[in-house]
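Student: Quick one: sequence and predicted model below, then my questions.
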Amino acid sequence: MPGTVSAAPRAGLTPTDVTIMVVGIVLGIGIFKTPSLVAQYSSDETVFVLLWLLGGLITVIGSVCYAELGSARPDAGGEYAFLREAYGPGVALLFAWARCTVIQPGAITAAAFVMGDYANVLWPLGTYGPGVYALVSITVFTLVNYVGTTPGKLTQTVVEVITVLAMLGIVIAAFVATVPTPREGTPQDSSPGGIGLAMMFILLTYGGWNEAAYLSGELEDARRNMARALVVGVLIVIGVSLAINLAYLHVLGLDGIRDTNAVGAAMMRVVAGDTGATITSVVVVLSTLTTLNGLIITGSRSYYALGRDVAALRSIGTWKEHGSTPANALVLQGAVSAALVVFGAATRAGFRAMVAYTSPVFWFFMLLVSLSIYVFRRRASGDEAHYRVPLYPVTPALFALSCLWVLWSSLFYAGWGSIIGVAVLLAGTPLLLLRPTRSC
């Protein structure tokens, strides 16, 4: 197709578009899966709430760090571009391998499996129903975004508005309805390792905001708008998540949260019977679809950036002018994600396996990204016009320590899937021998 190789991302996304995508990516699977896991490591209700507040604080700190990086260096390659400029092409290529084989496909597959689990409750397809739903959803949203960025953006906006309104309706119903007084939570001891694992699940729930970095190359006036778009999205997510968790406590109590794997449906069953549980399942399906669509949109930019910079992989680094989308990258990403769905369905590990698979690799590279702020500040002349993280150098240090804490927890407590993820990362080390076609 003439003009395909020379085409490049154009600034067609507004700050509102990026904010909606951040909310859509983050406000999805976690809030309906992880609270019961966090409750298991919380000694009482106060600790439960404080852990969610601490996770929110870490998320805000991380978002302002990424806002500085994205506003100073807007690039469709996002973290890949940050790592390439800070540490050189070797580290960036290894990250690209990790993101394309572990981080992004694992996250896409995890979202698809959650959607499949709830869809299979509403419309059962048998033992392998969740896998079938997961595979179909990945295929459909990959095709939607293959057509172009605009259809994918419109899909994200419409579904996300419906989802947020439905979530708010669930919260209001929980507080307005007359429900039995939940039994008091049984006091438990929380070990440091358990608290670290709880924080891993909380940050997973809040996770995905960093995907906005991959849209910085398409954001209008990114130097001015990146911080506003990212932080506003994060604050909306934290506010809604805290409200939902307080609703869980109000209706179920801490022990009730601990005793269920589908806390949202369990709460609405108390509030409105089986009909309420069914409505909640529909909301979960919608919210996971927005997460899935957002991950597919941003993840394909990783493949695009890798192909753009490595001659041997140039075919995935092309940008389709019609529709303004990385078409080949979308196809490859969809194929890798589909392979993980088949693996997850065959082993019946599903969501938990994908979380363990991605966590240590993800937090290792996020640690490197957080430290890159110091690298760029040392190189800077000081007069660049872009957003700067407040309270430097303390803020990036706090985020780096948080990344290190979750990395340690995921390596030692997340299970066997984390070892497989690290092994896949190490399998990509031959990429260190390649040299990018673009200068760093």
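Tutor: Received it, and whenever you're ready, just let me know what you need. Numbers count the residues shown, from 1 in each chain.

Student: separation between Val136 and Ala111?
Tutor: 13 Å (Cβ to Cβ, to the nearest Å). Glycine gets a C-beta too; all of them are placed from N, C-alpha and C.

Student: Mind checking what secondary structure Val284 has?
Tutor: The local conformation at Val284, judged by DSSP: H, G, I helix; E, B strand; the rest coil, is helix.

Student: residues contacting it?
Tutor: Ile29, Phe32, Val114, Met115, Tyr118, Gly264, Ala265 (Cβ atoms under 8 Å, 6 or more residues apart in numbering).

Student: just Ala356 next, same as before
Tutor: Contacts of Ala356 by Cβ under 8 Å, 6+ apart are Ser410, Ala414, Gly415, Trp416, Gly417, Ser418, Ile420, Gly421.

Student: Stretch 171-180: end-to-end distance?
Tutor: 16 Å (Cα to Cα, to the nearest Å).

Student: Quick check: buried residues in that stretch?
Tutor: Val171, Ala173, Ala174 (16 or more other Cβ atoms under 10 Å).

Student: what do you get for stretch 367-382?
Tutor: Leu367, Leu368, Val369, Ser370, Leu371, Ser372, Ile373, Phe376, Arg377.

Student: and the two most separated of those?
Tutor: Pairwise distances across the buried residues of stretch 367-382 (Cβ to Cβ) peak at 17.0 Å, for the pair Leu367 and Arg377.

Student: picking up where we left off before, from the contacts of Val284, pick the one nearest Ile316.
Tutor: Distance to Ile316 across the contacts of Val284 (Cβ to Cβ) is lowest for Met115, with 26.2 Å.

Student: which residue sits closest to that closest one in space, ignoring its chain neighbours?
Tutor: Once flanking residues are discounted, Met115 sits nearest to Thr288: 3.8 Å by Cβ to Cβ, 6 or more residues apart in numbering.

Student: Report the central residue of the chain.
Tutor: By Cα atoms, centre = their mean, the chain has its centre lying nearest to Gly208, at 2.5 Å.

Student: what are the phi and psi values for that one?
Tutor: phi 110, psi -20 (degrees, to the nearest 10).

Student: you'd agree it is up against Ile297?
Tutor: No: Gly208 lies out of contact with Ile297 (Cβ atoms under 8 Å); the separation is 11.6 Å.

Student: returning to what we had before: pick out whichever of Val136 and Ala111 has more residues nearby.
Tutor: Per other Cβ atoms under 10 Å, whichever of Val136 and Ala111 has more neighbours is Ala111, with 31 against 15.

Student: buried residues in the helix or strand containing the more buried one?
Tutor: For Ala111, the host element (DSSP states H and E) is helix 104-122. By 16+ other Cβ under 10 Å, the buried positions in helix 104-122 come out as 104-121.

Student: next one: stretch 410-429
Tutor: Neighbour-count burial for stretch 410-429 flags Ser410, Leu411, Tyr413, Ala414, Gly415, Gly417, Ser418, Gly421, Val422, Val424, Leu425, Gly428 (criterion: 16+ other Cβ under 10 Å).

Student: could those residues go into CSV alongside pLDDT?
Tutor: Listed next are these as CSV, based on pLDDT from 0 to 100:
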residue, pLDDT
Ser410, 87
Leu411, 87
Tyr413, 77
Ala414, 72
Gly415, 74
Gly417, 78
Ser418, 86
Gly421, 89
Val422, 92
Val424, 90
Leu425, 92
Gly428, 84
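
Student: between these, which is closest to Gly90?
Tutor: Gly428 (11.1 Å).

Student: Could I get the contacting residues of the closest one?
Tutor: Leu94, Trp97, Ala98, Thr101.

Student: immediately after the host helix or strand of Phe365, which helix or strand?
Tutor: Under the criterion of DSSP H and E, Phe365 resides in helix 350-379. Remark: after helix 350-379, the chain's next helix or strand is helix 394-413, criterion DSSP H and E.

Student: list the helices and strands that following helix packs on?
Tutor: Secondary-structure packing of helix 394-413 (3 or more Cβ pairs under 8 Å, 6 or more residues apart in numbering; DSSP states H and E): helix 45-72, helix 192-206, helix 350-379, helix 416-427.

Student: Now do that helix: everything it contacts.
Tutor: With contact meaning Cβ under 8 Å, 6+ apart, helix 394-413 is reached by 58, 61-62, 64-65, 193, 196-197, 199-200, 203, 356, 359-360, 363-364, 366-367, 370-371, 373-374, 389, 418, 422.

Student: Quick one: distance of the helix holding Phe365 to the chain centre.
Tutor: For helix 350-379, the distance from its own C-alpha centre to the chain's C-alpha centre is 12 Å (Cα atoms, centre = their mean, to the nearest Å).

Student: quick check: angle from it to helix 45-72?
Tutor: Here the directions of helix 350-379 and helix 45-72 differ by 50 degrees (axes from the mean of the first three to the mean of the last three Cα atoms, to 10 degrees).

Student: just the angle between the helix or strand following the helix holding Ala111 and helix 350-379, please?
Tutor: Once helix 104-122 ends, the next helix or strand along the chain (criterion: DSSP H and E) is helix 129-147. For helix 129-147 against helix 350-379, the angle by the same axes, to 10 degrees is 40 degrees.

Student: for helix 129-147, which positions count as buried?
Tutor: Those buried within helix 129-147 under the rule 16+ other Cβ under 10 Å are 129-135, 137-138, 141-142, 144-146.
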